[in-house]
Structure formats: structure tokens, C-alpha cells
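*Asks:* this one's structure only:
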Ligand SMILES: Nc1ncnc2c1ncn2[C@@H]1O[C@H](COP(=O)(O)OP(=O)(O)O)[C@@H](O)[C@H]1O
Ligand SMILES: [Mg+2]
């Protein structure tokens, strides 16, 4: 609070105007300064004349904000700057090959390793903010500290947005009903506009288009994944995004990743796909349930990524021609 300008403070906690009014404080000339700076500029004479207690005003403001936040039931936004994995044990009970790994905001990390090696398990450890209480014995720290347990159970203000490998829709709802429910539970203001953006995003990812009246159960695998991804990207404010083998979903995986990755987030993605893996800054290599090593994506690999993307584009084009019943040629 002390580092915010008054403008930022009012932006974050609009009710603070009430505090200023109550105390007959006119901050209009100090919008781009902090409240402390405002107090500092009050002359000794005014302090005498008006019996002002600067320290108390500052202290009371803090208490006022705290109480209002509690009263209004506003969840403080989770400011996640880093996520740390403390090592556990592999499937044979041998300690993992590292002590701790810290992933910072805006970093994309991929997770690679054979099927059954423990990639999804690592994502689950993060989602559950493990505290030595999962089969791996790992612990997860947020901002270098043991996270609050509330994140395990709150569904609205989740720490993690996860796209799991098996996303099954069992509800008997249309796409529109599902999205309305979801948007309402997230307290979105403009529900209609949000739904439109999600549908557009999803149709951009899926091969065949669908509309709002399609029953969820009638969506193809690719369409439901596309819907889930667009929904997560647009509705979720979670600071951490976990992605489990998006490539099997029958959707445009690069577009999906671009939609999901926004600055400021921490992204972890389990994948077998070299294009997705090399889009990350680093990759965690998993073997027999344990993190074996962490590899920085090299400059050469970044160059290779460009080549792979070209090859991939060619394959996509051929796939589309094939689908349309065309004959294929060499170029
Ligand atoms: N360190 C570990 N200790 C014990 N069991 C583990 C460990 N890592 C993974 N497992 C278990 O191994 C199985 C396969 O792991 P999973 O994460 O599904 O593999 P992947 O996603 O790489 O295919 C799961 O049942 C998982 O709980
Ligand atoms: Mg898996």
C-alpha cells in the first residue's frame, strides 16, 4: 500500500475516498504521489492548528483498507512472482537430481519425459501446492514461502488454471449455458461479450466450427479441448497456467499456446512435441518419477524451432488439402 500513488490506491480500493472524506483530507493535488508524501508535505503549523497526527492517519488507513476488504469479501489478488519446487524422490525412492528450482513470472517451462515417467504428477504437485504430502514428497513454494492452504480449496480465485489431459464434459448443457454458468461464477461483468470472445477463440483453434447452441456432449474431442482452452485463457485470472499434453487435442496447438500464454504468468507445460517444448525458456526432464535435469533452450534449438515451424506448416497445409479431397504435390 505504501508504494502506491493515490491514484493507484483509489483504483485498487475505490472505497478509500470514504476515508479521505471522513478525515477531511483533500488529496486532489497528490494523485500521482503516495499518501505518505502527502502527509510529509503538511506543514508543522497545520499539524498544530488542526491537531493532525500523521502517523495515526497512515496507520488508520491501513486498518481501514484491511477491514473494508474483509467486510466487502474482496479477495486480495494473489501476487505470484515465483514458484519454487523443492526436490522429492523418484519412483525408486532416490532423491531427485536437484535441490530446488525457481520459476519466475513470465517464464515458460516445458516438461518432457517418456509416457508414465511422472509429467502429469509434477503438474498435480504444483496444482495441489504439495507440502511433502504427495507420492513424490516434493514441496511447492510461492514467492519463496509455503503457500496458504486456502488455494487448495478455493475455486474462484484459484492459484492455478489447469488444462488436464482428460477433460470430460459430462454435463447436459449447451455451450452457451456452460459458459454462462462459468462466467457468472467468475463474477464477470459483461457476460455476453466474454462468451462471444470465448466462442471466437475456441473456433479459431478447432478444425470444425460450432455454435452456442451445440450441446457440450456433442462436441468432438478437439472442439471441447478448444473450448476449455479459450475458456481458461479468457476467464481465468490465475497467475499459474498448467498445460498437460495439449498436442493430442486435435487443435491448433501453437495458437492455443499463444492464447494461453500472457505476460505475467508462470506457464508449465508437459509435452512430447518438439515445437511446443522448444517454445519454452527451459525444460524439465523427468525420468522414473523424478526430475533428472533442467536444460536451457539453446540458441541453436531456437533456430531449429524456426525450421520445425516451417515443416509443421507444410504438414498442416497437406493435411488440409487431403481433407478437402485434393491431390498432393511435392511443393
Ligand atoms: N516420484 C514418484 N513417486 C511415486 N509415484 C510416482 C512418482 N512420479 C510419478 N508417479 C506415479 O507414476 C504414474 C505415472 O505418472 P504420470 O505423471 O501419469 O506420467 P506421465 O504424465 O509422464 O505419463 C502415476 O500414477 C504417478 O502418480
Ligand atoms: Mg500425463
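*Replies:* Now that the structure is in, tell me what you want to look at. It should be emphasised that the depicted structure is a prediction, and the values quoted were computed from it without experimental measurement. Residues are numbered from 1 along each chain as shown. Ligands and ions are numbered 1, 2, ... in the order given.

*Asks:* Not counting residues beside it along the chain, what's closest to residue 200?
*Replies:* Sequence neighbours aside, residue 230 is the residue nearest to residue 200 in space, at 7.9 Å (criterion: C-beta to C-beta, 6 or more residues apart in numbering). Quick note: C-beta positions are derived from backbone N, CA and C, even for glycine.

*Asks:* My read is that the one you found contacts residue 255, right?
*Replies:* No: judged on C-beta atoms under 8 Å, residue 230 makes no contact with residue 255 at a distance of 10.1 Å.

*Asks:* between these two, who's got more neighbours?
*Replies:* The residue with more neighbours, out of residue 230 and residue 255, is residue 230; 25 against 14, by other C-beta atoms under 10 Å.

*Asks:* Now do residue 141: how many residues are near it, please.
*Replies:* So residue 141, with other C-beta under 10 Å, has 17 neighbours.

*Asks:* Likewise for residue 329?
*Replies:* Neighbours around residue 329, by other C-beta under 10 Å: 7.

*Asks:* ok, residue 286 touching residue 120?
*Replies:* No: between residue 286 and residue 120 there is no contact under C-beta under 8 Å: 9.9 Å.

*Asks:* Among these two, which residue is more densely surrounded?
*Replies:* Between residue 286 and residue 120, counted using other C-beta under 10 Å, the more crowded position is residue 286 (24 against 19).

*Asks:* ok, the spatially closest residue to the more buried one that is not a sequence neighbour - contacts?
*Replies:* Closest residue in space to residue 286, ignoring its immediate chain neighbours: residue 113 at 3.4 Å, by C-beta to C-beta, 6+ apart. Residues in contact with residue 113 (C-beta atoms under 8 Å, 6 or more residues apart in numbering) are 119, 285-287, 292.

*Asks:* overlap in contacts of residue 230 and residue 255?
*Replies:* Counting by C-beta under 8 Å, 6+ apart, the contacts common to residue 230 and residue 255 are 204-205.

*Asks:* Surely residue 264 is within a helix?
*Replies:* No: Residue 264 sits outside any helix when classified using DSSP: H, G, I helix; E, B strand; the rest coil, being coil.

*Asks:* How about the contacts made by it?
*Replies:* Contacts of residue 264 by C-beta under 8 Å, 6+ apart are 105-106, 239.

*Asks:* Which part of the stretch 151-300 of the chain gets nearest to ligand 1, residue-wise?
*Replies:* Ligand 1 sits closest to residue 289 of the stretch 151-300 of the chain, with a gap of 3.0 Å, by C-beta to the nearest ligand atom.

*Asks:* That residue and residue 117 touch, don't they?
*Replies:* Yes: counting by C-beta under 8 Å, residue 289 touches residue 117, with 6.8 Å between them.

*Asks:* so how many other residues sit close to residue 318?
*Replies:* 13.

*Asks:* Test my guess that it contacts residue 327.
*Replies:* No: using C-beta under 8 Å, residue 318 is not in contact with residue 327, being 10.8 Å away.

*Asks:* how about the residues of the protein near ligand 1?
*Replies:* The chain comes close to ligand 1 at residues 89-91, 113, 115-121, 135-136, 289-290, as judged by C-beta under 6 Å from any ligand atom.

*Asks:* Any of those buried? List them.
*Replies:* Those of the residues of the chain next to ligand 1 that meet the buried threshold are 90, 113, 117-121, 136, 289-290, by 16 or more other C-beta atoms under 10 Å.
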